[in-house]
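**Q** turn this into a model:
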Amino acid sequence: MSGFGSMITFETGSLKNANRMLKKLQVCSLGESLGGVETLISHPATMTHAALGEKGRKAIGITDGLVRISVGIEDLQDILDDLEMGLAAI
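**A** Numbers count the residues shown, from 1 in each chain. Just a heads-up that it's a prediction; the model follows:
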């Protein structure tokens with residue numbers, strides 16, 4: 001079963017937590033564009049919204065701990081296991 005087409009956004013609590021989590025992932029690939037068939041994960045504060053600066057990001061709700069995931073065609077359990085491993089690093 002695949003979760004293809006789903007977008008998930010969640011808060012890790014800090015830039016340090018987001019970085020720890022992102023470094024542990026093996027199935028989810030870090031990518032600025034979330035439009036592929038593979039599961040891609042992005043960190044808006046350092047990628048797509050970095051140019052706004054901390055004040056600009058805060059004004060639109062983009063925190064340093066925010067992470068976005070575009071779920072791809074991989075096995076859903078593989079994706080969940082990967083995220084669980086990443087979140088365990090926080």
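**Q** just the strands in the chain please.
**A** Secondary structure of the chain (DSSP state E): strands at 7-11, 29-30, 40-42, 66-70.
**Q** just the ones you listed: most buried one?
**A** strand 40-42 (a mean of 22; mean count of other C-beta atoms under 10 Å). Where C-beta positions appear, they are placed from N, C-alpha and C, glycine not excepted.
**Q** in its sheet, what does it sit against?
**A** Using DSSP bridges, strand 40-42 pairs in its sheet with strand 29-30 (parallel), strand 66-70 (antiparallel).
**Q** nearest residue to Gly65 other than its sequence neighbours?
**A** Leaving aside its sequence neighbours, Gly65 sits nearest to Thr12 (C-beta to C-beta, 6 or more residues apart in numbering; 4.1 Å).
**Q** my read: the one you found touches Ile90, true?
**A** Yes - Thr12 lies in contact with Ile90 (C-beta atoms under 8 Å); the separation is 6.0 Å.
**Q** Gly13: neighbouring residues, count only.
**A** 13 (other C-beta atoms under 10 Å).
**Q** that one: what's it in contact with?
**A** Gly65, Ile90 (C-beta atoms under 8 Å, 6 or more residues apart in numbering).
**Q** about what we covered before: quick check, pLDDT for the residue nearest to Gly65.
**A** pLDDT for Thr12: 94.
**Q** look up how far Gly36 lies from it.
**A** Thr12 is 22 Å from Gly36, where distance means C-beta to C-beta, to the nearest Å.
**Q** the more surrounded of these two?
**A** Thr12 (22 against 12).
**Q** just to revisit the earlier point, mind putting the strands of the chain into TSV with distance to Asp81?
**A** Shown next, in TSV, are the strands of the chain (distance: least, C-beta to C-beta, whole Å):
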stretch	distance to Asp81
strand 7-11	15
strand 29-30	15
strand 40-42	14
strand 66-70	14
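**Q** thank you, goodbye.
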